[in-house]
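Participant: Structure of the sequence below:
(one chain, ligands or ions: 1)
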Amino acid sequence: MEKRFIYADNAATTKVTQNVLDAMLPIFTENFGNASSIYNLGMDAAKIVLASREKVANALGAKVNEIYFTAGGSESDNWAIKGAAEIGAKKGKKHIITTAIEHHAVLHTCEYLEKHGFEVTYLPVDEYGRITVEQVENAIREDTCLVTVMFANNEIGTIMPIPEIGKLCRQKKVLFHTDAVQAVGHVPINVKEMNIDMLSLSGHKIHAPKGVGALYIKTGIALPNLIAGGAQERGKRAGTENVPGIVGLATAITDACADIPEKTERIAALRDKLIDGILQIPQTRLNGHPTQRLAGNVNISIRGVEGESMLLLLDLNGICASSGSACTSGSLDPSHVLLAIGLPHEIAHGSLRLSLGEDITEEEIDYIIETVPKVVTKLRSMSPLWERICSTEGLNPDGTPKA
Ligand SMILES: *Cc1c(COP(=O)(O)O)cnc(C)c1O
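Facilitator: You can find the predicted model right below:
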């Protein structure tokens with residue numbers, strides 16, 4: 001039998017599409033000029049960067065001069081948060097509000113600022129991973145300089161009430177940043193209607209290459225410069241433009257935002273089939289919000305199995321997935337997101353995240369639904385933990401309650 005290959009880890013990174021690649025290739029060998037050079041080849045590059053900036057702005061409902069290209073989501077997050085902190089400090093405002101389930105690019109930046117005299121409120125989330133606008137309202141103080149709340153969570157797919165938080169922050173005159181890396185291209189976004197002051201996005205989560213991203217900065221926000229040097233990015237982020245990456249990002253965001261309603265409807269239906277299928281396994285639970293979630297996100301905890309072992313067996317069966325446990329960092333700490341929604345360590349360790357791409361087929365979904373139970377049965381049959389769960393809770397080896 002032909003070896004299967006199903007990529008279900010699109011929240012980690014995505015494949016560059018043919019359309020994006022086709023847009024990028026001539027930039028390497030033909031339109032390879034430096035956008036700062038004054039001859040035609042350089043001016044062509046400058047025009048290409050400007051056209052790309054327009055495309056990104058259009059996708060977000062922003063103005064062209066409000067888009068700054070960066071090297072990715074982490075850089076955009078760092079710039080927005082550290083920059084807002086610097087603006088705040090000048091006015092004696094050294095308090096920041098965020099959530100407990102942000103990406104590490106946000107959390108570790110906040111921790112850095114705590115070491116430098118800032119106070120950070122980490123809002124707890126509910127069992128589905130959501131915060132409320134009331135929580136933000138109650139946390140805002142006279143000295144709050146920034147609210148930073150992710151648009152959608154990368155592990156459990158929960159979508160936050162961003163327009164409501166934006167409205168509140170605008171009323172309270174507090175800067176509002178959102179890490180929208182997982183939401184761009186999947187959820188309709190308009191930074192003006194949503195009262196967003198700064199928004200981070202990343203290319204490689206939407207079928208552009210790795211190492212390119214953008215930060216939207218609303219006109220009038222004097223965010224400090226990130227990199228000193230040449231006059232690129234209106235003098236705020238120096239360095240010769242990554243023109244191929246920028247073109248890739250602009251093409252990818254245009255494609256991703258072209259058909260959000262149709263695309264999400266189709267993928268969400270397959271996602272729900274997949275969730276229902278895996279939840280047939282006894283002693284499992286869905287993590288994240290049942291409806292306020294990204295169309296392609298499935299995150300399920302499976303008792304009595306260890307996430308990393310599950311991923312290895314799934315890989316042997318041709319399925320690329322991810323787990324809630326932070327195995328990549330070599331640490332055995334379970335995910336901060338799963339702990340924040342209230343999962344005990346034991347359950348947080350056995351979590352499976354499948355993030356579906358636009359090209360996923362129903363046949364592939366059926367194969368995953370068929371394969372996951374086999375892998376779980378195998379791992380449970382070898383697990384002392386599972387044996388203990390079954391004997392203390394009166395369960396059969398398959399996890400059903402004893403009659
Ligand atoms: C992937 C991701 C990032 C980091 O983006 P990079 O381009 O890889 O630096 C930040 N935030 C979220 C929510 C992400 O999913």
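Participant: How about the residues of this structure by the ligand?
Facilitator: 72-74, 77, 103, 105, 150, 154, 179, 181-182, 202, 204-205, 213 (CB under 6 Å from any ligand atom). Every C-beta, even on glycine, is put in place using the N, C-alpha and C of the backbone.
Participant: Which of those fall within strands?
Facilitator: Among the residues of the chain next to the ligand, DSSP state E puts 179, 202, 213 in strands.
Participant: In the protein, which residue sits nearest the ligand?
Facilitator: Relative to the ligand, the nearest point of the chain is Gly73 (2.5 Å; CB to the nearest ligand atom).
Participant: how close does the residue lying closest to that residue once chain neighbours are set aside get to Ala403?
Facilitator: Excluding the flanking residues, the one nearest Gly73 by CB to CB, 6 or more residues apart in numbering is Ser202, at 3.4 Å. Applying CB to CB, to the nearest Å, the value for Ser202 to Ala403 is 51 Å.
Participant: All the helices of the stretch 151-300 of the chain, residue numbers only.
Facilitator: For the stretch 151-300 of the chain, the helices defined by DSSP state H, counting those that start in this stretch occupy 162-172, 243-258, 260-279.
Participant: Give the buried residues for the last one.
Facilitator: Taking 16 or more other CB atoms under 10 Å as the basis for neighbour counts, the residues of helix 260-279 that come out buried are 263-264, 267-268, 270-271, 274-275, 277-278.
Participant: Figure out how far that helix is from the centre of its chain.
Facilitator: Relative to the chain's own centre, helix 260-279 is displaced by 18 Å; criterion: CA atoms, centre = their mean, to the nearest Å.
Participant: what angle sits between that helix and helix 243-258?
Facilitator: Counting by axes from the mean of the first three to the mean of the last three CA atoms, to 10 degrees, helix 260-279 points 80 degrees away from the direction of helix 243-258.
Participant: Can you name every helix or strand that helix 260-279 contacts?
Facilitator: Helix 260-279 sits against strand 284-286, strand 297-302, helix 362-381, with contacts defined as 3 or more CB pairs under 8 Å, 6 or more residues apart in numbering; DSSP states H and E.
Participant: Using CSV, list the CA coordinates for that helix.
Facilitator: Extracted in CSV, the C-alpha atoms of helix 260-279 (Å, rounded to 0.1, in the frame of the first residue of the first chain):
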residue,chain,number,x,y,z
ILE,A,260,-13.2,33.1,4.2
PRO,A,261,-17.0,32.4,4.6
GLU,A,262,-17.1,29.5,2.0
LYS,A,263,-13.8,28.1,3.1
THR,A,264,-14.6,28.1,6.8
GLU,A,265,-18.0,26.6,6.3
ARG,A,266,-16.4,23.6,4.4
ILE,A,267,-13.5,23.1,6.8
ALA,A,268,-15.7,23.6,10.0
ALA,A,269,-18.0,20.8,8.8
LEU,A,270,-15.0,18.4,8.3
ARG,A,271,-13.6,19.6,11.7
ASP,A,272,-16.9,18.7,13.4
LYS,A,273,-16.9,15.3,11.8
LEU,A,274,-13.4,14.7,13.0
ILE,A,275,-14.3,15.9,16.5
ASP,A,276,-17.3,13.7,16.7
GLY,A,277,-15.3,10.8,15.4
ILE,A,278,-12.5,11.0,17.9
LEU,A,279,-14.8,11.7,20.8
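Participant: So Thr70 versus Trp79, what's the distance?
Facilitator: Taken as CB to CB, the span from Thr70 to Trp79 is 7 Å.
Participant: got it, and Leu60?
Facilitator: From Leu60 over to Trp79 the distance is 17 Å, taken as CB to CB.
Participant: what about the chain, any weak spots by pLDDT?
Facilitator: 1-2, 324-332 (pLDDT under 70).
Participant: Strands of that one, start to end?
Facilitator: Under DSSP E, the chain gives strands at 6-7, 67-70, 95-99, 119-123, 144-148, 175-179, 198-202, 213-217, 284-286, 297-302, 319-320, 322-323, 351-355.
Participant: Can you list the strands that the longest one pairs with?
Facilitator: Strands flanking strand 297-302 in the sheet, each with its direction: strand 284-286 (antiparallel), strand 351-355 (antiparallel) (DSSP bridges).
Participant: starting at the chain centroid, how far to stretch 37-49?
Facilitator: For stretch 37-49, the distance to the chain centre is 33 Å (CA atoms, centre = their mean).
Participant: CA atoms of that stretch as PDB?
Facilitator: Coordinates of each C-alpha in stretch 37-49 appear next as PDB, following Å, rounded to 0.1, in the frame of the first residue of the first chain:
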ATOM      1  CA  SER A  37      18.400  51.900  -5.400                       C
ATOM      2  CA  ILE A  38      17.500  54.700  -7.900                       C
ATOM      3  CA  TYR A  39      17.900  52.800 -11.200                       C
ATOM      4  CA  ASN A  40      14.900  51.100 -12.700                       C
ATOM      5  CA  LEU A  41      15.600  47.700 -11.200                       C
ATOM      6  CA  GLY A  42      15.600  49.200  -7.800                       C
ATOM      7  CA  MET A  43      12.500  51.300  -8.400                       C
ATOM      8  CA  ASP A  44      10.700  48.200  -9.700                       C
ATOM      9  CA  ALA A  45      11.500  46.500  -6.400                       C
ATOM     10  CA  ALA A  46      10.200  49.500  -4.500                       C
ATOM     11  CA  LYS A  47       7.000  49.400  -6.500                       C
ATOM     12  CA  ILE A  48       6.600  45.700  -5.800                       C
ATOM     13  CA  VAL A  49       7.000  46.400  -2.100                       C
END
